[in-house]
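1. give me a 3D structure for the following:
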Amino acid sequence: MNLKIFLYTKCVIQMMADNSGISLRVYENEKQDKDRDIVRIDPGIMHILNISDGDFIDVIGPQNGTTIICLSLHPSDKTKDKDRKKIIRIDSKARNLIGTAIGDTVTIKKAILNEKGSKSTRPSTYDVFDEASNSITMTGSCVNFDKERPKIMEFLRSLEKEVHLDNNYCRCYTSGKKTLGWDFFEISVDSRLVKKLIEIHPEINKQESSSSEERFVLWLHAKFKKSKLNYYLKINEIPYESVSGFRLNPNDFRDVEDMENMR
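-> Okay, the predicted model is just below:
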């Protein structure tokens, strides 16, 4: 390993150990990221923070701090390799919020959500995503994500209102992929919202699929399509609890009588 990289990584790890965060220099956002409420940092820094694309980080500026979605630097980013680990790309909206300017230094940390009942300095928008919650993640595609995202979020908010929940249970963010003019994005829906929707929409469980999560995505896709919003949704990640051994579906396994009948 290059000595400079080793020393830099060691320094970063030490900063993380004492919870002082990582200092990065502010750069302008890429044109395609304007007003998207995201920041971009180097994948190596994301690995040190133990976060992935779409996770939240705390960005602390001279006057204020905010919690915001973090993505890795775009593959086409022209920043020199030796400088990539030292920068963070932030749009003007977020820079104004935290009171910083291009060229200034900000501190970033992995967003650690507060336990219930503790005092929060973070915007309530993100408080719902605590460590105990699980989310269903699905992928979709559209022609212009920047234009379509407000429509997607408005629709998801309407689902939250149906079950009398705050606007805190859904996320929608780009996956960073673009093919033949199509933008690919991800939608993350808290499983607690899904359970409440199933209670008032029993037709969800009538969808043809083997799991409740997949049935929900099929139902959501149909709801989008009915509203003339066709995003070709497909399930990407299902939250399962940690178990040892085999995982059995109690509604779909063979008992002794079934085995006898099969002889």
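2. distance from the chain centre to stretch 178-195, please.
-> 9 Å (CA atoms, centre = their mean, to the nearest Å).
3. now that stretch: buried residues?
-> Within stretch 178-195, the residues that count as buried by 16 or more other CB atoms under 10 Å are 183-194. Every residue, glycine included, has its C-beta placed from N, CA and C.
4. which one of those sits closest to residue 134?
-> residue 191 (4.7 Å; CB to CB).
5. where do the strands sit along this structure?
-> Taking DSSP state E as the criterion, the chain carries its strands at 22-28, 38-41, 56-60, 65-72, 87-90, 105-110, 135-142, 170-179, 182-190, 234-237.
6. can you redo these as a markdown table with mean pLDDT?
-> As requested, the strands of the chain are exported to a markdown table (pLDDT from 0 to 100):
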| stretch | mean pLDDT |
| --- | --- |
| strand 22-28 | 93 |
| strand 38-41 | 91 |
| strand 56-60 | 89 |
| strand 65-72 | 87 |
| strand 87-90 | 94 |
| strand 105-110 | 90 |
| strand 135-142 | 88 |
| strand 170-179 | 80 |
| strand 182-190 | 88 |
| strand 234-237 | 78 |
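7. for residue 209, find the nearest of these.
-> Of the strands of the chain, nearest to residue 209 by CB to CB is strand 234-237, at 8.9 Å.
8. within its sheet, name the partner strands of that closest one and how each one runs.
-> strand 135-142 (antiparallel) (DSSP bridges).
9. excluding its backbone neighbours, what's nearest residue 49?
-> residue 110 (4.6 Å; CB to CB, 6 or more residues apart in numbering).
10. what about the one you found, how many residues nearby?
-> 18 (other CB atoms under 10 Å).
11. try residue 168
-> 16.
12. can you check the one 3 residues further on too?
-> In terms of burial, residue 171 registers 20 neighbours under the definition other CB under 10 Å.
13. separation between it and residue 25?
-> 27 Å (CB to CB, to the nearest Å).
14. what does residue 69 give?
-> 20 Å.
15. please say which of those two ends up with more neighbours.
-> residue 69 (19 against 13).
16. who touches the nearest residue to that one once chain neighbours are set aside in this structure?
-> Of all residues not flanking residue 69 in the chain, residue 38 sits nearest, at 4.7 Å (CB to CB, 6+ apart). By CB atoms under 8 Å, 6 or more residues apart in numbering, the residues touching residue 38 are 68-71, 91, 173-174.
17. can you map out the helices along the stretch 1-150 of the chain?
-> Per DSSP state H, counting those that start in this stretch, the stretch 1-150 of the chain carries helices over the ranges 3-17, 43-49, 81-84, 92-98, 145-162.
18. biggest separation within the buried residues of stretch 178-195, which pair?
-> Among those, 183 and 192 lie farthest apart (CB to CB), at 28.5 Å.
19. who's residue 56 bridged to?
-> Residue 56 has these beta-bridge partners by DSSP bridges: residue 69.
20. show me the shaky parts of the stretch 1-150 of the chain.
-> 1-20, 113-133 (pLDDT under 70).
21. could you redo the last one with a cut-off of 80?
-> 1-20, 35-36, 62-64, 75-76, 78, 80-83, 112-134 (pLDDT under 80).
22. tell me which residues of stretch 22-41 are tucked away?
-> 22, 24, 26-27, 29-30, 33, 36, 38-41.
23. ok now that stretch, how far from the chain's centre?
-> 16 Å.
24. ok, stretch 194-209 next?
-> 23 Å.
25. output it as CSV, nothing but the C-alphas.
-> Only the C-alpha atoms of stretch 194-209 are listed here, as CSV (Å, rounded to 0.1, in the frame of the first residue of the first chain):
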residue,chain,number,x,y,z
VAL,A,194,-46.1,-1.9,4.5
LYS,A,195,-47.8,-3.7,7.3
LYS,A,196,-50.2,-0.9,7.9
LEU,A,197,-51.1,-0.7,4.2
ILE,A,198,-51.7,-4.4,4.1
GLU,A,199,-54.3,-4.0,6.9
ILE,A,200,-56.4,-1.5,4.9
HIS,A,201,-55.6,-2.9,1.5
PRO,A,202,-56.2,-6.7,1.7
GLU,A,203,-55.9,-6.9,-2.1
ILE,A,204,-52.1,-6.6,-1.6
ASN,A,205,-52.0,-10.2,-0.4
LYS,A,206,-54.0,-11.3,-3.5
GLN,A,207,-51.1,-10.4,-5.8
GLU,A,208,-49.4,-13.5,-7.4
SER,A,209,-46.1,-13.8,-5.6
